[in-house]
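J.: prediction below, plus the sequence it came from.
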Amino acid sequence: MIVTRSRLQKIGWAAILTICFALLTALTFRVNAVKSEVRLVERSLVSVRQHKELLKTEFEARASQRKLTALNDFEFGYKAPTPAQYLESERQLAALGKPRAADAPAPIMVASADRNETDGFPTLVNPLSGKAQAAEVKPERARVASATTSKNLGARLSQVGGMASRDKDTVRE
């Protein structure tokens, strides 16, 4: 069996393509391995950054505690409780109590009121005048519409309520 030159070239090209495909596959695996290593390094960087932030926060908190302790010692003179400050029983606690002084304010009491269920709403009391006011709205008096001028503007603005109905009447005329 004699192999011709064209047949030999075809076999050569097939061998070269097979080698190129094998090298491409090996290169792809190597690239994926490097990408994986890069991702691991990035994850470790993120972890280190988070740990760094945690340490910064811890350092600032401890620095603040030192500052607060120094301020406390200098300004207020507070000290940590000692074992002698703790009480052993309720009797010791009761012995610390003092009667109220004559000029002491009255103790705070919780207010409660009995509500009669048959009554509707409670009477509303104006806190300024102290007079009881009905819960129903009083009908408005008929008002005379007037044109807005600089002379009567102050008088119109000083009146409470009914401005919208008066303006509607003014627009209608």
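T.: Sure thing, it's come through.
J.: quick check: which element contains the most centrally placed residue in the chain?
T.: The C-alpha lying nearest the average C-alpha coordinate of the chain belongs to residue 57 (C-alpha atoms, centre = their mean; 20.4 Å). Using DSSP states H and E, residue 57 sits in helix 5-71.
J.: next SSE downstream of that helix?
T.: helix 90-95.
J.: what stretches of this structure score poorly on pLDDT?
T.: Scanning the chain for pLDDT under 70 picks out the ranges 1, 111-123, 133-151, 153-154, 160-173.
J.: re earlier: quick check: the residue nearest to the centre of the chain vs residue 65, distance?
T.: 13 Å (C-beta to C-beta, to the nearest Å). For glycine as for every other residue, the C-beta is placed from the backbone atoms N, C-alpha and C.
J.: tell me the spacing between the residue nearest to the centre of the chain and residue 50.
T.: 11 Å.
J.: with residue 24 instead?
T.: On the measure of C-beta to C-beta, residue 24 and residue 50 end up 39 Å apart.
J.: next one: residue 60
T.: In terms of C-beta to C-beta, residue 60 sits 16 Å off from residue 50.
J.: same check, this time on residue 59
T.: Taken as C-beta to C-beta, the span from residue 59 to residue 50 is 15 Å.
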